[in-house]
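> Just a sequence and a predicted model for now, questions to come.
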Protein chains: 2
Amino acid sequence: MNALKMDTQEKIIKVAHEVFVEKGLQGARMQEIADRAGINKALLHYYFRSKDQLFDAVFQKVINEVLPDFAQTIRNVDDVPKLIFSFVSFYNQFFQKNPQFPQFFFHEIWQNPDRIAHVILAEEIHPDRMLQNLRSRLPDVYPSEFLPQHMIANVMGMCLFPHIARPLFQRIFFQNDEKEYNRFLSERTDFLIQMLKGLGETHNPEMDVRPSDDF
Amino acid sequence: MNALKMDTQEKIIKVAHEVFVEKGLQGARMQEIADRAGINKALLHYYFRSKDQLFDAVFQKVINEVLPDFAQTIRNVDDVPKLIFSFVSFYNQFFQKNPQFPQFFFHEIWQNPDRIAHVILAEEIHPDRMLQNLRSRLPDVYPSEFLPQHMIANVMGMCLFPHIARPLFQRIFFQNDEKEYNRFLSERTDFLIQMLKGLGETHNPEMDVRPSDDF
DNA sequence: GTCTATATGGCGATAGAC
DNA sequence: GTCTATCGCCATATAGAC
């Protein structure tokens, strides 16, 4: 495994990633991957026996790049506001650098949820502890009769939506203006953090529910 | 076009919808659609000349079923809290009845955004008016230096996330317990509405003079 | 390691009988 | 309208020379 082979292999994974993201597993063509990598189909099968295995390699690499950072981001955070802050910052930054990741990821979520769950749970992420932590540290303003999972769904949903719905959302609410949408995404991190920062700071027992800018 | 033909045609669209939802346009097989419909491939091409046209028919039907209701839901709503209430109720109810719609829809968003945008804008939905209305009626608690699109992204994201991320989210945070997740989804409508209800109660009364615009 | 050439199979689509 | 049979193509995968 010399330097040349490494280069070719990495080149393949790089362009395969692009094609898989654009077309999905079924829509991707080995020919197109070979063309973009400047090689031929036979060489693809030399490095990765099959299309499926190539896809696995690509997906594994992507996951292994993002997940440790993410796990580190949410680990050892002892209060909810800080956790949210870290989460929002990390996610928005990551998605802006990898705009097509959500599409790629959600495709797999539906085609291969078991593998993804397995990969994720292999990391130092413990959902039960996370939930327990959330439940005990959620501020008084959070209605205790509701599951803490709602909080996770809220934050993740608000972070994800502009990216996963981008092609349509940009067309409808930004006249398909690429630059305007990027400005929207840029300011969104600040917006979310400012909107969420009050959470946990002011505990007013008289209020059942604080206004939505907490969330 | 007698009753028998109608039945066959509708049966095809019904099962085609299922297969397209499960596998996507590229992943779907005409053979599988024919099998599930209890007919053969040739008959598929008799009713719909090509796979693409079959897909168009399916997609158009889905859109035409949901969009008018949705447009009606958000039309003639004159204040933001009521709009959010209607939106959340409608969306959660719809998604619970059509759990795989988000997957289907988001696949198309990336493969064919223009067609979807065209279909949506053909309805009586006017994004510009909607934004203008939002901007003028957003309560004081909403930081005015931010775009009103954030509010839309927030509500949509929070509604969508549990459905579009379900296969993974259910595995990780609900031990893949189907019934528990359904209870989570059921209570989520109440949760979101209760969480969002404070929004707009503090807004400036001077802005309420205008009669309601269509969105 | 990289190539050309080819095998193999599957898929969309059509022809034509009934 | 519905079927059987088949065409033609294209994609994955392999064989084998260099």
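Arrived safely.
> distance of the residue nearest the centre of chain A from chain B?
Computing the C-alpha centroid of chain A and ranking residues by C-alpha atoms, centre = their mean puts A:P102 first, at 5.8 Å. To chain B, A:P102 is 9 Å away according to C-beta to the nearest C-beta, to the nearest Å. C-beta here means a position set from N, CA and C on the backbone, and glycine is covered the same way.
> so A:R137 touches A:V80, yeah?
Yes - here A:R137 reaches A:V80: they are 5.0 Å apart, a contact under C-beta atoms under 8 Å.
> So the two - more neighbours on which side?
A:V80 (20 against 16; other C-beta atoms under 10 Å in any protein chain shown).
> Assign the residue nearest to the centre of chain A to helix, strand or coil.
Following DSSP: H, G, I helix; E, B strand; the rest coil, the label given to A:P102 is helix.
> now A:Q111, nearest residue through space, not along the chain?
Distance criterion C-beta to C-beta, 6 or more residues apart in numbering or on different chains; nearest residue to A:Q111, sequence neighbours excluded, is A:L25 at 6.8 Å.
> Please give me every residue in contact with the one you found.
A:L25 makes contacts with A:51, A:55, A:107, A:111, B:27, as judged by C-beta atoms under 8 Å, 6 or more residues apart in numbering or on different chains.
> Please enumerate the helices of chain A.
For chain A, helices defined by DSSP state H occupy the ranges A:3-27, A:30-37, A:41-47, A:51-74, A:80-97, A:101-111, A:113-122, A:127-137, A:149-164, A:166-173, A:178-196.
> B:Q194 is nearest to which of those helices?
Each of the helices of chain A was scored for nearness to B:Q194 using C-beta to C-beta, and the closest is helix A:149-164 (10.4 Å).
> which of the residues in that closest one are buried?
Across helix A:149-164, burial judged by 16 or more other C-beta atoms under 10 Å in any protein chain shown covers A:149-164.
> domain assignment for chain A?
A:1-49, A:55-201 (automatic domain parsing).
> just to revisit the earlier point, contacts with chain B among the buried residues of helix A:149-164, please.
Subset of the buried residues of helix A:149-164 in contact with chain B: A:149-150, A:152-154, A:156-162, A:164, counting by C-beta under 8 Å from any C-beta of the partner chain.
> Mind picking the two most distant members of the residues you listed?
Between any two of those, the greatest separation by C-beta to C-beta is 21.8 Å, found for A:Q149 and A:P162.
> if I pick A:Q96, what's in contact with it?
Contacts for A:Q96 (C-beta under 8 Å, 6+ apart) come out as A:185-186.
> Per-residue pLDDT of it, please?
The model reports A:Q96 with a pLDDT of 86.
> distance of it from B:N154?
Using C-beta to C-beta, to the nearest Å, A:Q96 is found at 18 Å from B:N154.
> same check, this time on A:Q103
21 Å.
> And the spatially closest residue to A:V62 that is not a sequence neighbour, how close does it get to B:I152?
Using C-beta to C-beta, 6+ apart and skipping residues adjacent in sequence, the residue nearest A:V62 is A:H17, 6.8 Å away. Applying C-beta to C-beta, the value for A:H17 to B:I152 is 31 Å.
> Tell me the residues on chain A that lie near DNA strand D, please.
Residues of chain A that fall close to DNA strand D, judged by C-beta under 7 Å from any atom of the strand: A:28-31, A:41-42, A:45, A:49-52.
> at 6 Å instead, please
A:29-31, A:41-42, A:45, A:49-51 (C-beta under 6 Å from any atom of the strand).
> now, which of these sits nearest A:Y142?
The closest of the residues of chain A next to DNA strand D, once distances to A:Y142 are taken by C-beta to C-beta, is A:K51, at 46.6 Å.
> Can you report how many residues lie near the residue nearest to that closest one when sequence neighbours are not counted?
Nearest residue to A:K51 in three dimensions, chain neighbours excluded: A:M30, at 6.0 Å (C-beta to C-beta, 6+ apart). By the criterion of other C-beta under 10 Å, A:M30 has 18 neighbours.
> thinking A:M30 is in contact with A:L43, fair?
No - A:M30 is beyond contact range of A:L43, at 10.4 Å (criterion: C-beta under 8 Å).
> separation between the residue lying closest to A:Q170 once chain neighbours are set aside and B:F106?
Setting aside the residues directly before and after it, A:Q170 is nearest to A:Y181 in space (C-beta to C-beta, 6+ apart), at 4.5 Å. Distance from A:Y181 to B:F106, counting by C-beta to C-beta: 17 Å.
> before we move on, what about A:A117?
Using C-beta to C-beta, A:A117 is found at 20 Å from B:F106.
> For these two, indicate the residue with more neighbours.
Using other C-beta under 10 Å as the criterion, A:A117 and B:F106 rank with B:F106 on top: 21 against 18.
> What score does that one have for pLDDT?
What the model reports for B:F106 is a pLDDT of 87.
> repeat for the one 4 residues further on
With respect to pLDDT, B:W110 has a value of 85.
> Repeat that for the one 5 residues further on.
According to the model's per-residue confidence, B:R115 sits at a pLDDT of 76.
> neighbours around it, how many?
Neighbours of B:R115 (other C-beta under 10 Å): 14.
> how near is it to B:E18?
Taken as C-beta to C-beta, the span from B:R115 to B:E18 is 21 Å.
> cool, and A:Q194?
For A:Q194 relative to B:E18 (C-beta to C-beta), the value is 44 Å.
> Looking at those two, which one has more neighbours?
B:E18 (18 against 13).
> what's the spacing between the more buried one and B:D190?
Distance from B:E18 to B:D190, by C-beta to C-beta: 31 Å.
> before we move on, the earlier item: farthest pair in the contacts of A:L25?
Longest span within these, C-beta to C-beta: A:K51 and A:H107, 15.0 Å.
> Compare the two and say which one has the larger neighbour count.
A:H107 (23 against 18).
> these two touch, right, that one and A:G24?
Yes - A:H107 lies in contact with A:G24 (C-beta under 8 Å); the separation is 5.4 Å.
> which neighbours do the two share?
In contact with both A:H107 and A:G24: B:24, B:107, using C-beta under 8 Å, 6+ apart.
> what residues are up against A:Q26?
Taking C-beta under 8 Å, 6+ apart, we find A:Q26 in contact with B:23-24, B:26-27.
> Can you check the pLDDT for A:M195?
For A:M195, pLDDT reads 82.
> what's the answer for the one 4 residues further on, then?
In the prediction, the pLDDT value recorded for A:L199 is 56.
> do the same with A:V88
88.
> What distance do you get for the closest residue to it other than its chain neighbours to A:F161?
Spatial nearest neighbour of A:V88, chain neighbours left out: A:L192 (4.9 Å); criterion: C-beta to C-beta, 6+ apart. Plainly put, A:L192 is 11 Å away from A:F161 if you go by C-beta to C-beta.
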